[in-house]
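Engineer: Here is a sequence together with a model predicted from it:
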Amino acid sequence: MRKYTLSKSDSNEIMEFVNKKWSKNVLPEKLKNIQVIEVEENNCVLTTSDFFAVKVEKNILPLLTNENVLNSFPSVTIDMGAIRFICNGANVMRPGIVSTDEFNKDDIVVVKDNKHGKYLAVGIALVASKEVQTMLKGQVINNMHYVSDKFWKSYKENQ
């Protein structure tokens with residue numbers, strides 16, 4: 001596992017992506033001195049004093065640590081039976097969904113449980129929320145970061 005600081009130009013690329021996909025009210029004005037914790041090739045944890053994210057392939061998703069940031073994203077609530085599957089990396093399937101906020105296809109969506117409202121995962125919507133209401137089965141969210149995954153563990157080890 002390698003740890004290093006991003007260059008200014010790479011930090012600007014991160015900021016551009018985040019500005020497009022994240023809510024403006026949770027972003028720092030500038031991202032300086034972004035620390036990278038490489039988990040594997042093209043996948044890493046990105047941190048500053050007030051910014052925590054994971055880079056999975058070409059997506060930059062919020063790390064499951066800051067509820068204020070996670071609250072700014074649309075969410076789906078899953079039933080208790082789906083938790084163990086989601087926390088083992090499974091994609092979110094329609095039968096496990098209890099309710100949804102409004103979101104579009106390809107939006108970043110957080111996943112939480114219906115009993116405690118705890119955040120369990122972050123992923124990319126495979127369909128819009130309007131479609132979810134009419135679906136009986138199928139994949140809804142591509143699970144890219146979840147509690148106890150390699151990103152979660154790398155972040156906890158390097159705190």
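Structural biologist: Received the coordinates, thanks.
Engineer: Give me the buried positions along the helix or strand of the chain with the lowest mean pLDDT.
Structural biologist: Across the helices and strands of the chain, mean pLDDT, DSSP states H and E gives its lowest value to helix 8-21, namely a mean of 88. In terms of neighbour count (16 or more other Cβ atoms under 10 Å), helix 8-21 has its buried residues at Ser11, Ile14, Met15, Val18, Lys21. Just so you know, the C-beta spots here come from the backbone N, C-alpha and C atoms, and that holds for glycine as well.
Engineer: which helices and strands does it pack with?
Structural biologist: When contacts are defined as 3 or more Cβ pairs under 8 Å, 6 or more residues apart in numbering; DSSP states H and E, helix 8-21 sits against strand 52-56, strand 59-62.
Engineer: JSON lines for those strands, including mean pLDDT, mean neighbour count and distance to Leu27?
Structural biologist: Formatted as JSON lines, the helices and strands packed on helix 8-21 follow (pLDDT from 0 to 100; neighbours: other Cβ atoms under 10 Å; distance: least, Cβ to Cβ, whole Å):
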{"stretch": "strand 52-56", "mean pLDDT": "94", "mean neighbour count": "22", "distance to Leu27": "11"}
{"stretch": "strand 59-62", "mean pLDDT": "95", "mean neighbour count": "22", "distance to Leu27": "11"}
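Engineer: Ok, which of those strands comes nearest Lys112?
Structural biologist: Nearest to Lys112 among the helices and strands packed on helix 8-21 is strand 59-62 (13.0 Å), distances taken as Cβ to Cβ.
Engineer: List the strands paired with the closest one, with their directions.
Structural biologist: Strand pairing for strand 59-62, determined by DSSP bridges: strand 52-56 (antiparallel).
Engineer: So which residues make contact with the strand it pairs with?
Structural biologist: Outside strand 52-56, the residues within contact range by Cβ atoms under 8 Å, 6 or more residues apart in numbering are 14, 18, 42-47, 60-63, 65-66, 69, 122, 144-145, 151, 155.
Engineer: Check the average confidence over the helix or strand Val98 falls within, would you?
Structural biologist: Assigned by DSSP states H and E, Val98 belongs to strand 97-100. Strand 97-100 carries an average pLDDT of 96.
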